[in-house]
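> Compute the structure for the input listed below.
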Amino acid sequence: MPSSLPMRALVALAALAAIGWMALGLRATNALQAGEHVRDVAAARGGVSDAEFERARDDLARAREHAPDADALLVEAELLTRTGRDSDAVPILERLVREEPENIDGWFLLAAATEENDSARSAEAARRGRALSPLVDDQAG
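Purely as a prediction, here's the structure:
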């Protein structure tokens, strides 16, 4: 049974790696949920304090560090638009739809965020969102 010792060591290393990976995922999830909470509070109250806003942005930055998907970008853009910072949301949304061109929520939020200052960009983003959405009949509008 001398060959079982190296196998046990490999299994132990794999288990430690899996635990580390899960811990990072949990951190990202917790940070994302904290950011989502502040986004939801901003929607309910019509805004948040500067301290809450900055804490949420920090949480979302941490979420992006640990999870490379676009969820944290979308939540951050939603937080910005719900606190009247549409112009700050636009570059984030442009990055989001560049990285995930089939992100319907990103396109529709970009349309809303650019509606006041760039009607052509807003119309194009809305068109892209409608083209991707199975719930919108693009022929009608």
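> packing partners for the longest helix anywhere in the chain?
Using DSSP state H, we find that the single longest helix of the chain is helix 4-45. The contact analysis (3 or more Cβ pairs under 8 Å, 6 or more residues apart in numbering; DSSP states H and E) places helix 4-45 against helix 50-66, helix 71-82. C-beta here means a position set from N, CA and C on the backbone, and glycine is covered the same way.
> Show me the contact partners of the first one.
If I follow you right, that is helix 50-66. Helix 50-66 is contacted from outside by 24-25, 27-29, 31-32, 34-35, 37-39, 41-42, 48, 71-73, 75-76, 79, 83, using Cβ atoms under 8 Å, 6 or more residues apart in numbering.
> Need the buried ones from those residues selected in PyMOL.
Selection of the buried residues among the contacts of helix 50-66 in PyMOL, burial being defined by 16 or more other Cβ atoms under 10 Å:
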select buried, resi 28+31+32+34+35+38+39+41+42+48+71+72+73+75+76+79+83
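> Do me a favour and average the pLDDT over the longest helix of the chain.
Mean pLDDT, helix 4-45: 77.
> and the angle from it to helix 71-82?
10 degrees (axes from the mean of the first three to the mean of the last three Cα atoms, to 10 degrees).
> related to what we said a few turns ago, need the winner for burial among the helices and strands packed on helix 4-45.
For the helices and strands packed on helix 4-45, the largest average neighbour count (mean count of other Cβ atoms under 10 Å) is found in helix 71-82, namely a mean of 24.
> From the chain's centroid, how far away is the longest helix of the chain?
Chain-centre distance of helix 4-45: 16 Å, with Cα atoms, centre = their mean, to the nearest Å.
> wait, isn't Gly84 in contact with Gly47?
Yes. Contact criterion Cβ atoms under 8 Å: Gly84 and Gly47 qualify, at 7.3 Å.
> any idea of the pLDDT on the nearest residue to Gly47 once chain neighbours are set aside?
Leaving out its chain neighbours, the residue that sits closest to Gly47 by Cβ to Cβ, 6 or more residues apart in numbering is Thr83, at 5.4 Å. Predicted confidence (pLDDT) at Thr83: the value is 90.
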